[in-house]
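Q: Sequence unavailable; structure follows:
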């Protein structure tokens, strides 16, 4: 069996499971199983597939058929042009979150210091520190697996010396001084708990703690609104990922008076995806 045939068979199996992009995912799985680049696969579709690679491909395809996220199966994923390790038990980085990086880069001054609350895989931290060699950061997560994965990704990219990692159950236990940060950025859990059971099955394979925003989805926004203003310098910013425009409007209503609303920003699909506040 050649590479092209193997890709076709894997795509057929994934299509039967209801996978939205079976051909694309089959290509990712085949490249990983055969330990080749996807560009090599495109250039040499008729090369034979070794038996050991075929076994790996079918094993991974069955895991995907069963609803396991593609990123967990591959063990890595790209965010803001860089490859990160990903792992079960930690939220998967998504392209929508890249809007936080783009706005953070415009907000952060020279030699700025920022905190990423709910860092997950460390994708935001890694992108910002990679783009700006003058920045330092604090990465915080309540999930010990996430803290460990962030450490691994920062080490992989040679950025550990510029980031302090902290395992935090609430913002109040973070060892940060008043006025320490130019930016607090966060992609917090923001899905209302009653809606979680209706999420796609592969999203429900991700950790509940990274999804559950309480009954109304605003639990962790409230916590950060209560903590972040004192830790931000005047003129610093609080930057959130949001679920939709309605959630953004609710956040405007509950924001403290020390934070001036700046606006809601849209992602590449033109959906409201981020909101920012200025410390006054």
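A: In hand now; what should we look at? Owing to the predicted nature of the structure, the values given are computational and were not obtained by experimental measurement.
Q: Quick one: the strands in the protein, in order.
A: Ranges of strands in the chain, per DSSP state E, are 76-79, 82-85, 113-117, 136-141, 163-167, 181-186, 232-241, 259-266, 272-279.
Q: Reformat the ones you listed as a markdown table; add distance to residue 226 and mean pLDDT.
A: Heads up, the C-betas are built off the backbone N, CA and C, glycines and all. Shown next, in a markdown table, are those (distance: least, C-beta to C-beta, whole Å; pLDDT from 0 to 100):
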| stretch | distance to residue 226 | mean pLDDT |
| --- | --- | --- |
| strand 76-79 | 29 | 97 |
| strand 82-85 | 30 | 97 |
| strand 113-117 | 12 | 98 |
| strand 136-141 | 15 | 98 |
| strand 163-167 | 18 | 98 |
| strand 181-186 | 12 | 98 |
| strand 232-241 | 11 | 98 |
| strand 259-266 | 11 | 97 |
| strand 272-279 | 13 | 98 |
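Q: Kindly present these as TSV, with separate columns for distance to residue 14 and mean neighbour count.
A: What follows is these, written out as TSV (distance: least, C-beta to C-beta, whole Å; neighbours: other C-beta atoms under 10 Å):
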stretch	distance to residue 14	mean neighbour count
strand 76-79	18	17
strand 82-85	23	17
strand 113-117	34	25
strand 136-141	32	24
strand 163-167	36	17
strand 181-186	34	25
strand 232-241	29	21
strand 259-266	31	15
strand 272-279	28	22
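Q: Format those strands as CSV; extra columns: distance to residue 54.
A: Output for the strands of the chain, formatted as CSV (distance: least, C-beta to C-beta, whole Å):
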stretch, distance to residue 54
strand 76-79, 22
strand 82-85, 25
strand 113-117, 41
strand 136-141, 38
strand 163-167, 40
strand 181-186, 43
strand 232-241, 40
strand 259-266, 44
strand 272-279, 40
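Q: These: which one's closest to residue 206?
A: Of all those, strand 76-79 sits nearest to residue 206, with 12.6 Å by C-beta to C-beta.
Q: Could you list the low-pLDDT ranges of the chain?
A: By pLDDT under 70, the chain has no low-scoring segment.
Q: how about the spatially most central residue of it, phi and psi?
A: Centroid check for the chain by C-alpha atoms, centre = their mean gives residue 93 as the closest residue, at 2.6 Å. When read as degrees, to the nearest 10, the backbone of residue 93 gives phi -70, psi 140.
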